[in-house]
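Novice: The following comprises the amino acid sequence and a computationally predicted model.
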Amino acid sequence: MGNDELELLVTVVLAADDEHSAHTACADLLERTGGRPVTAADCSEEEPGCWSVSIARRTGETGRRTAALSRAVRTFLRELGPGFARQRVSCEPPTAWAVVDEPESIGQLVPGGERLLVEAWFDDALDALPLTGASAGRNGSAAAEVTHPGDLKST
C-alpha cells in the first residue's frame, strides 16, 4: 500500500463448531472495532473445537517510529475496556504486540473467546505477511505461548 499508516491485526482464538460459527461469534467485535475479517483457521488439530479468526483494522496512527507501534496496540486495548488497558505491550519493529490470555474477559467480547493477540504493523510489513491461517497459531495449537507475534510454540 505504501503509506505510513499502521495496521492492526487482531487474532481471536475461540471455541467454535465451524468457520461460520467462529465468524458469527466475532461479529460484535468486528462491529465494535470497525475491523474487517482477514482469515479463519481451524486450530482443532490439538484442541478439538478450536478456531481462530484474524481481523484487520487501520489505526489512524502514522509514522515509522517504535512509539507509534506500541501506542496503536495500547489504544486498541483501551477501546476494548478498562480491563484490557493493563496488558503488557512488546515491541520489535516492524511490529508491536500484546497477548490477552484471560478467557473470562475475552468471552465477554467474543462468545467462546479464549485468547487475543493484538499486533500493530507498519503497513508495508503487514502486506508482506503470508496470512494463510491465524497469526495466533502457525502450529495450530490453542495451548501456546507467544514469543514473537505470529510465532507460537506449544506449552
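Specialist: Arrived safely, thanks for sending.

Novice: Pretty sure Glu119 is one of the things Pro94 touches, is it not?
Specialist: No - Pro94 lies out of contact with Glu119 (Cβ atoms under 8 Å); the separation is 10.2 Å. Just so you know, the C-beta spots here come from the backbone N, C-alpha and C atoms, and that holds for glycine as well.

Novice: Which of these two has more residues huddled nearby?
Specialist: Neighbours were counted for Pro94 and for Glu119 using other Cβ atoms under 10 Å; Glu119 has more, 27 against 17.

Novice: quick one: that one from Ser44, how far?
Specialist: 23 Å (Cβ to Cβ, to the nearest Å).

Novice: Who are the packing partners of the helix or strand Ser21 falls within?
Specialist: Following DSSP states H and E, the helix or strand that holds Ser21 is helix 19-25. When contacts are defined as 3 or more Cβ pairs under 8 Å, 6 or more residues apart in numbering; DSSP states H and E, helix 19-25 sits against strand 36-42, strand 50-62.

Novice: Show me what counts as buried in the last one.
Specialist: Of the residues in strand 50-62, those with enough neighbours to count as buried (16 or more other Cβ atoms under 10 Å) are Cys50, Trp51, Ser52, Val53, Ser54, Ile55, Ala56, Arg57, Thr59, Glu61.

Novice: just checking, Ala96 touches Phe76?
Specialist: No - with contacts counted by Cβ under 8 Å, Ala96 stays clear of Phe76, the gap being 10.5 Å.

Novice: Quick check: neighbours shared by the two?
Specialist: Counting by Cβ atoms under 8 Å, 6 or more residues apart in numbering, the contacts common to Ala96 and Phe76 are Ala120.

Novice: The two: which is more packed in?
Specialist: Ala96 (25 against 21).

Novice: Please name the nearest non-neighbouring residue to that one.
Specialist: Once flanking residues are discounted, Ala96 sits nearest to Leu69: 3.7 Å by Cβ to Cβ, 6 or more residues apart in numbering.

Novice: give me every residue that touches that neighbour.
Specialist: Here Leu69 is in contact with Leu6, Cys91, Pro93, Pro94, Thr95, Ala96, Ala120, Trp121, Phe122 (Cβ under 8 Å, 6+ apart).
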